[in-house]
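*Asks:* just a sequence and a predicted model for now, questions to come.
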Amino acid sequence: MMNQDYQEELLHLESCLSVIQENIRLYEAREQASRKEVTALFQAVRKGEGDSYGQLVASQNILEHVQNTLRKNRSALHQPYFGRIFYDDLTYEASECCYIGKNGISKNQTDVIVVDWRAPVANVYYENSLGNGHYAVPGSSDVEIDLHQKRTYDISDGTLHGYYDDDIAANDDLLVKYLSQNKDAVLGDIIATIQKEQNTIIRDLPSKNIIVQGVAGSGKTTVALHRISYLLYNYEDLYKPSEFCIIGSSDMLLHYIRSGLPELDVHHIHEMRMDEIFPYLMEKAWKKQYQIVPDYPEAEIKSHLPFIRALDRFLTELTEEALNLSDITDPDLGVVLSLESMLEARSYHPEDSLYQFEKHLNERILSRLKFLCTERSSDFKKAKRQAFRKYFDSSVHKWTVPGLYLAFLTELEEQDSSLDFSATKAGVSKGKTDVYDAAAFGLIYRRIFQKQDQDVFSQIFIDEAQDFGETVYYVLKQMLHDCYFTIMGDVSQNIRYETGMNDWEQLKEAMFDSPKDSFYLLLKSYRNTIEISRFAGQVLQRASQGGYQIDPVIRHGQPVSILQAEPSGLFYQLQETLRHVREKKFETIAVICRTPEEAAELKSGLGIPLEEDDNSFHNGVMVLPVSLTKGLEFDCVILWKPDEDHYQDHPKDAKLLYVAITRALHELYLLTDRPLTPLLLTSTGSESVLK
Ligand SMILES: Nc1ncnc2c1ncn2[C@@H]1O[C@H](COP(=O)(O)OP(=O)(O)OP(=O)(O)O)[C@@H](O)[C@H]1O
């Protein structure tokens with residue numbers, strides 16, 4: 001027999017669904033009307049009528065808002081809420097019961113029936129235990145509460161399948177249920193099952209820098225996107241979406257990330273590859289003939305902190321020499337500007353570029369002249385103004401960004417005979433820079449030539465941060481001085497071993513400038529089955545000498561399958577394995593090769609067009625080199641030739657192999673015609689399922 005509580009829940013769901021249906025009807029009608037209006041205004045603009053352009057923009061905004069509300073209500077029809085909290089509000093002395101969902105839903109546009117997961121009170125669901133506690137409200141004081149009950153619902157397709165009361169452990173069943181599903185080629189959301197340690201990062205203050213070290217599959221990308229959604233919702237007055245930028249290492253990763261944004265109600269934010277951001281920030285100073293190329297061999301040195309710090313010192317000395325500050329005097333007027341006052345000005349504007357500071361000093365000189373010449377004739381004033389107008393003018397040196405960079409590299413070589421930057425110098429002379437040269441260009445521009453402070457971005461989110469050395473972060477921090485950074489990565493997955501980061505210490509040094517800044521660890525992995533996680537764990541020990549151990553969510557799957565074949569039969573084995581896994585109706589399947597050349601060869605063998613899979617993530621079978629799979633995940637992974645030739649017994653290759661293995665959500669197959677790489681020899685728990 002159904003108990004009363006369950007019946008009440010059924011009735012509540014029913015009434016909630018009917019409100020949503022009513023909303024949908026209402027907003028569909030509004031959308032239609034709004035569309036008509038936009039079309040009419042569009043015609044008016046074309047005819048050049050009156051103020052129609054302003055009206056068109058306003059109507060388009062209304063239409064967008066209506067469409068958004070409609071989308072939220074439609075999606076709520078499937079699962080209007082996932083949680084409920086029942087508590088006494090001790091601050092306002094009221095008893096409250098809140099249903100929490102992915103989208104806030106209101107009745108008659110005013111009564112909130114489902115609270116948006118990003119609302120301050122929803123934090124109680126993720127964070128608080130039963131009993132006394134509080135929740136924070138941005139810009140206001142904490143609200144004290146006494147939490148009586150926390151309930152988690154299993155609802156899909158508008159049907160209640162069950163609910164669990166009380167603490168976080170209770171929703172583990174639900175978590176495993178979510179994790180067991182096949183993944184679409186879209187980055188999913190985890191709103192219903194966000195874990196406490198993830199929630200802390202998502203809801204942390206915007207006015208700080210954050211670095212997150214998270215093992216593979218710990219939700220770094222997902223958490224970053226939820227943090228964006230949370231900040232835009234709660235700090236709407238502070239930030240516009242266009243002030244946010246996501247930086248990723250490849251177009252493929254950005255495409256994957258982009259796919260998850262609309263569902264999280266995030267629109268109009270920027271996204272860029274790491275090599276694109278420096279040209280973007282340099283604006284016109286990045287000349288058309290400059291071109292980013294793959295890393296030169298010297299990137300190993302250029303990527304790390306000592307190099308970029310040396311460049312910064314070089315630029316400081318250059319600035320000091322150019323300014324050559326001392327009392328500025330005039331035979332008729334005496335001291336025009338004292339050294340002391342110039343040093344004082346510098347202390348007020350420490351971030352100014354040489355250009356900005358020179359401009360500032362020249363303005364000071366002119367205003368001092370005005371004062372000193374009060375009693376003098378206009379010809380005298382004019383002559384003095386003319387004489388001092390460009391007192392500080394480093395443009396006479398005709399410096400250029402590449403020119404200064406080349407001079408710096410030469411100076412380094414002269415100071416240390418073991419350094420040889422010939423490949424970089426040859427390339428840079430022709431305008432061809434690798435990403436670290438581009439960062440160095442950015443710093444030179446920032447310190448010497450920049451005319452105005454950069455304020456395009458307020459928040460930057462970086463995914464797969466470990467793939468780049470500290471140089472790029474150091475420069476980003478200098479170029480975007482007032483911006484805050486959320487940096488996500490896993491040093492065990494650094495696939496650019498020599499240039500990327502193998503620990504976080506240097507980055508903390510480069511990025512953290514306040515005690516408020518935080519370093520977080522995410523050790524739980526949500527992606528892989530226990531079998532795949534354990535298999536990856538063996539490789540991880542070689543990759544990072546046991547650095548950050550994975551703590552997998554308990555979810556069992558099939559053992560990892562190792563399929564051995566004769567060289568002549570390996571391709572046939574691949575086709576058979578693909579046939580086998582396709583029958584299992586997985587949404588996403590990846591064949592992961594060691595190199596792009598091997599991936600191209602396999603694609604042509606399998607009849608997949610070469611250009612497919614280059615930049616976009618999609619359902620079905622994808623054949624990819626391991627470097628392109630960074631940050632992605634697939635229901636099933638087939639690892640092509642994990643033998644010693646392809647993955648040698650070295651931490652560098654161990655990291656690549658670790659990345660490849662941890663891409664698999666449910667099933668992992670290893671296809672080889674030779675003995676496996678020694679990196680896998682200690683692995684256990686695997687077996688052959690296909691013969
Ligand atoms: N709290 C959670 N509830 C449900 N699923 C989760 C949760 N956290 C993460 N996941 C799932 O785990 C998988 C891995 O997440 P994500 O890709 O964000 O991890 P990552 O740390 O960026 O991984 P990697 O470093 O390997 O790229 C995704 O399928 C994500 O939906």
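*Replies:* Yep, that arrived. Residues are numbered from 1 along each chain as shown.

*Asks:* quick check: which ranges of the stretch 501-650 of the chain have low pLDDT?
*Replies:* 544-547, 612-614 (pLDDT under 70).

*Asks:* find the closest residue to the ligand in it.
*Replies:* Y526 (3.5 Å; Cβ to the nearest ligand atom). The C-beta positions use only the backbone N, C-alpha and C, and glycine is treated the same way.

*Asks:* please see if the helix or strand bottoming out on mean pLDDT in the chain touches the ligand.
*Replies:* Within the chain, no helix or strand scores below helix 172-179, which has a mean of 74 by mean pLDDT, DSSP states H and E. Yes - Helix 172-179 lies within reach of the ligand by Cβ under 6 Å from any ligand atom, at L175, Y178, L179.

*Asks:* these two touch, right, the second one and Q195?
*Replies:* No - under the criterion of Cβ atoms under 8 Å, Y178 makes no contact with Q195, lying 11.9 Å away.

*Asks:* higher neighbour count, these two?
*Replies:* Q195 (20 against 15; other Cβ atoms under 10 Å).

*Asks:* got the confidence number for that one?
*Replies:* Here the pLDDT value assigned to Q195 is 91.

*Asks:* and S688, by the same measure?
*Replies:* 39.

*Asks:* show me the shaky parts of the protein.
*Replies:* Scanning the chain for pLDDT under 70 picks out 1-2, 50, 167-172, 182-188, 544-547, 612-614, 682-691.

*Asks:* now the lengthiest strand in it: buried residues?
*Replies:* Taking DSSP state E as the criterion, the chain has its longest strand at strand 143-156. By 16 or more other Cβ atoms under 10 Å, the buried positions in strand 143-156 come out as V143, I145, L147, K150, R151, T152, Y153, D154, I155.

*Asks:* quick one: which of these is nearest I562?
*Replies:* Nearest to I562 among the buried residues of strand 143-156, counting by Cβ to Cβ, is D154 at 36.7 Å.

*Asks:* and the next helix or strand after the longest strand of the chain, which strands flank it?
*Replies:* Toward the C-terminus, strand 143-156 is succeeded by strand 159-165 as the next helix or strand (DSSP states H and E). Using DSSP bridges, strand 159-165 pairs in its sheet with strand 143-156 (antiparallel).

*Asks:* close to the ligand, is stretch 568-587?
*Replies:* No - using Cβ under 6 Å from any ligand atom, stretch 568-587 stays clear of the ligand, coming no nearer than 12.0 Å.

*Asks:* residues touching the helix or strand hosting S106, excluding its own?
*Replies:* Assigned by DSSP H and E, S106 falls within strand 105-107. Here strand 105-107 makes contact (Cβ atoms under 8 Å, 6 or more residues apart in numbering) with C16, V19, I20, N23, K72, N73, A76, P80, V112, I113, V114.

*Asks:* now with 7 Å, please.
*Replies:* V19, I20, N73, A76, P80, V112, I113, V114 (Cβ atoms under 7 Å, 6 or more residues apart in numbering).

*Asks:* which SSE is immediately downstream of it?
*Replies:* Counting by DSSP H and E, the next helix or strand C-terminal to strand 105-107 is strand 111-116.

*Asks:* for that following strand, name the packing helices and strands.
*Replies:* helix 4-46, strand 94-101, strand 105-107 (3 or more Cβ pairs under 7 Å, 6 or more residues apart in numbering; DSSP states H and E).

*Asks:* what residues does the chain put near the ligand?
*Replies:* Checking the chain against the ligand by Cβ under 6 Å from any ligand atom, the hits are 175, 178-179, 188, 190, 193-195, 198, 214, 216-222, 490, 493, 526-527, 631, 633, 662.

*Asks:* just the buried ones from the residues you listed?
*Replies:* Counted by 16+ other Cβ under 10 Å, the residues of the chain next to the ligand give 175, 179, 190, 193-195, 198, 214, 216-222, 490, 493, 526-527, 631, 633, 662 as buried.

*Asks:* now, those residues that are in helices?
*Replies:* Among those, DSSP state H puts L175, L179, Q198, K220, T221, T222 in helices.

*Asks:* ok, so of these, who is nearest D416?
*Replies:* Nearest to D416 among these, with distances taken as Cβ to Cβ, is K220, at 37.5 Å.

*Asks:* contacting residues for the closest one?
*Replies:* V212, G214, D463, M488, L522.

*Asks:* most neighbours among these, which one is it?
*Replies:* Each of these was scored for neighbours by other Cβ under 10 Å, and M488 scores highest at 27 neighbours.

*Asks:* and that one, that's in a strand?
*Replies:* Yes - assessed by DSSP: H, G, I helix; E, B strand; the rest coil, M488 belongs to a strand.

*Asks:* my guess is it meets I460, correct?
*Replies:* No - M488 is beyond contact range of I460, at 11.4 Å (criterion: Cβ atoms under 7 Å).

*Asks:* from the stretch 351-500 of the chain, which residue is nearest to the ligand?
*Replies:* Nearest to the ligand in the stretch 351-500 of the chain, going by Cβ to the nearest ligand atom, is D490, at a distance of 5.0 Å.

*Asks:* G217 is in contact with that residue, correct?
*Replies:* No - with contacts counted by Cβ under 7 Å, D490 stays clear of G217, the gap being 9.5 Å.

*Asks:* tell me how many other residues crowd the residue nearest to V45 when sequence neighbours are not counted.
*Replies:* The shortest distance from V45 to any non-neighbouring residue, by Cβ to Cβ, 6 or more residues apart in numbering, is to S52 (4.9 Å). For S52, the count of nearby residues is 18 (other Cβ under 10 Å).

*Asks:* S52 touches Q43, doesn't it?
*Replies:* No - applying Cβ under 7 Å, one finds S52 not in contact with Q43, separated by 8.7 Å.

*Asks:* list the buried residues of stretch 523-543.
*Replies:* 524-529, 531-543.

*Asks:* just the ones of these in strands?
*Replies:* Checked against DSSP E, the buried residues of stretch 523-543 include these in strands: K524, S525.

*Asks:* which ones among the buried residues of stretch 523-543 map onto helices?
*Replies:* Short answer: the buried residues of stretch 523-543 in helices (DSSP H) are 531-543.

*Asks:* in a markdown table: the residues you listed, plus distance to D643.
*Replies:* A markdown table is the format used below for those (distance: Cβ to Cβ, whole Å):
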| residue | distance to D643 |
| --- | --- |
| E531 | 21 |
| I532 | 20 |
| S533 | 23 |
| R534 | 21 |
| F535 | 16 |
| A536 | 18 |
| G537 | 21 |
| Q538 | 16 |
| V539 | 14 |
| L540 | 19 |
| Q541 | 20 |
| R542 | 16 |
| A543 | 18 |
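
*Asks:* out of these, the closest to T424 would be?
*Replies:* A543 (29.0 Å).

*Asks:* what's the nearest residue to the closest one if we skip its chain neighbours?
*Replies:* A654 (3.8 Å).

*Asks:* what do you get for F571?
*Replies:* Looking at F571 with Cβ to Cβ, 6+ apart, the closest residue is G605, at 6.0 Å.

*Asks:* the one you found belongs to a strand?
*Replies:* No - looking at G605 with three-state DSSP, it is helix, so not inside a strand.
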